[in-house]
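Trainee: Here is a sequence with its predicted model. Questions after.
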Amino acid sequence: MPVIEQRPPRAPNLPEMVGMAVGVGLLTALSLWGRQSPGPLDFAVAGLSLLAAFAQLWWPVTGALAATVLALLSPVATPAATVGALQVAWRRRFPVAAAVAVAGVAAHIVQWLWWWRPDTVIAFEWWLPLVCATYGALLGWGTLARSHRELVLSLRERARRAEAEQGRRVAEARAAERRGLAREMHDVLAHRLSLVATHAGALEYRPDASPEQVARAAGVVRDGVHLALEELRQVIGLLREDGEADDCGPQPTLADLDGLLDEAREAGQAVELHDGTPDAAPPSAIGRIAYRVLQEGLTNARKHAPGRPVEVSLRGAPGGELVIEIGNPLAEADATPAVPGSGLGLVGLTERVRLVGGQLDHAHCNHARLDRRFRLTARLPWRA
């Protein structure tokens, strides 16, 4: 029979202490009043049984067994013993509770043999099943209450974990949105501002330009800044929570390639296009990424190799893959970039390409008969 507590004591609350004092105290007083001639032993056992009942609030097994032992000395400890069986069933596992219930039944048998008279109202053959049924009911009641409490705690824990998981998913989604916004900001503004910097640099290094040329360059700078602000507004509009994303306008795709090349050529960038794709346009998602690849390639060439020609090659067909190649000679080793770069454009672009199942490669090429070149190659799936 277990007599050592396996769990640390639990501090009871005030309603539990008041309920134990009132309930067990009243039942113990009725037991004393029902005794024909209670003696000093009965009063001593009554007081000790109340202490054992209070101990059950901290140590249910120890308190229940102590009350059971006191019940061997006097029947007035029976209320504390039965309440102890209920406490153990409610707060401990079933084998421990069953052992305490068996100990209580055994104590009642000994109590009958020692203290009760053979001329009692109820016969032993009826009294024993009644005691067993009482302890069985207490055991079942406490076990059911314990199972219900564990179920409620389990549901609360599952709800807490589900809420934490939902919070984690929301945090990851927000982080992904921030990364997407950073990529979009880089793709849009780096290209537009590099054009503005190129024209502004022309104004700085050509003081002998005619007023018409200065006015034209200033107009391009003004238009570039205006477009940069407009595109910035569109990108920030993607973060709206009111579902008004339609106001941001459509995102550029491969169909807008001519406009991209015209802007680059107006900035003085020599771009040669070799388009080997059919008239059929790729899916919009692939077209957007292809546009960003071309935009990033032209922007990098304009920043790191100003004045050098750029070759752009497109090839592929539906059902295969769309291959984009951008190449340009490298600038001199001691040349200063026209526009400072963060070095993160290709990193974000690589992530975009991989998200759709594509591949992005970039490398410096050296050949004995060729100038040093930078080549950017993207392979995107072109699903029919």
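Mentor: Noted; the coordinates are in hand.
Trainee: As a check, name the ranges of all strands in the stretch 251-384 of the chain.
Mentor: All strands of the stretch 251-384 of the chain, identified by DSSP state E, counting those that start in this stretch, fall at 271-276, 310-316, 321-329, 359-367, 370-381.
Trainee: Could you identify which of those strands is most buried?
Mentor: Mean neighbour count (mean count of other CB atoms under 10 Å) peaks for strand 321-329 among the strands of the stretch 251-384 of the chain, with a mean of 21. Glycine gets a C-beta too; all of them are placed from N, C-alpha and C.
Trainee: what domains does the record give for this protein?
Mentor: Annotated domains of the chain cover 14-161, 252-384 [automatic domain parsing].
Trainee: and residue 279, how many residues sit next to it?
Mentor: Using other CB atoms under 10 Å, residue 279 has 4 neighbouring residues.
Trainee: would you turn the strands of the stretch 251-384 of the chain into JSON lines with mean pLDDT and distance to residue 262?
Mentor: As requested, the strands of the stretch 251-384 of the chain are exported to JSON lines (pLDDT from 0 to 100; distance: least, CB to CB, whole Å):
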{"stretch": "strand 271-276", "mean pLDDT": "90", "distance to residue 262": "9"}
{"stretch": "strand 310-316", "mean pLDDT": "92", "distance to residue 262": "13"}
{"stretch": "strand 321-329", "mean pLDDT": "91", "distance to residue 262": "17"}
{"stretch": "strand 359-367", "mean pLDDT": "73", "distance to residue 262": "25"}
{"stretch": "strand 370-381", "mean pLDDT": "83", "distance to residue 262": "20"}
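Trainee: now those strands as TSV including distance to residue 154?
Mentor: Output for the strands of the stretch 251-384 of the chain, formatted as TSV (distance: least, CB to CB, whole Å):
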stretch	distance to residue 154
strand 271-276	63
strand 310-316	55
strand 321-329	51
strand 359-367	47
strand 370-381	46
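Trainee: among those, which is nearest residue 109?
Mentor: Nearest to residue 109 among the strands of the stretch 251-384 of the chain is strand 370-381 (82.4 Å), distances taken as CB to CB.
Trainee: Run the chain-centre distance for that closest one.
Mentor: Here strand 370-381 is found 39 Å from its chain centre; the criterion is CA atoms, centre = their mean, to the nearest Å.
Trainee: One more: stretch 317-326?
Mentor: That offset, for stretch 317-326, works out to 37 Å (CA atoms, centre = their mean).
Trainee: end-to-end on it?
Mentor: 19 Å (CA to CA, to the nearest Å).
Trainee: For residue 289, give its distance to residue 379.
Mentor: Plainly put, residue 289 is 11 Å away from residue 379 if you go by CB to CB, to the nearest Å.
Trainee: any shared contact partners between these two?
Mentor: Residues within reach of residue 289 and of residue 379 at once, by CB atoms under 8 Å, 6 or more residues apart in numbering, are residue 358.
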